[in-house]
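Chemist: have a look at this fold, sequence not included:
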């Protein structure tokens, strides 16, 4: 599934565009593979997952940062059932 990950906060960095390799779940890291297939972006462990009602937009809180995860195209249903605690 093609996603865009943006850091939320005072020092928001560049957007990370790529393929989500595993669903965001509490306690695990989020891994996004870049289009070249050689590099990936890995976050620190997820503390909280929130989904906007009726949208493919998720807010993730990790040990160090907060992110907004937007689903661009859902070729597979990786993010169908995130564990929101």
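Modeler: That came through, no problem. None of the values given here were measured: they were computed from a predicted structure.

Chemist: where exactly do the strands run in the protein?
Modeler: Ranges of strands in the chain, per DSSP state E, are 2-8, 16-20, 31-33, 40-42, 46-51, 57-62, 66-73.

Chemist: tell me the contacts of the most centrally placed residue in the chain?
Modeler: In the chain, the residue lying closest to the centroid (CA atoms, centre = their mean) is residue 69, at 4.4 Å. Residues near residue 69 by CB atoms under 8 Å, 6 or more residues apart in numbering: 3-5, 20, 24, 30, 57-60, 79. Using the backbone N, CA and C atoms, a C-beta is placed for each residue, glycine as well.

Chemist: any idea how many residues pack against residue 43?
Modeler: Here the count is done by other CB atoms under 10 Å, and residue 43 has 21 residues near it.

Chemist: list the buried residues of stretch 34-52.
Modeler: Neighbour counts over stretch 34-52 (16 or more other CB atoms under 10 Å) mark 43, 46, 49 as buried.
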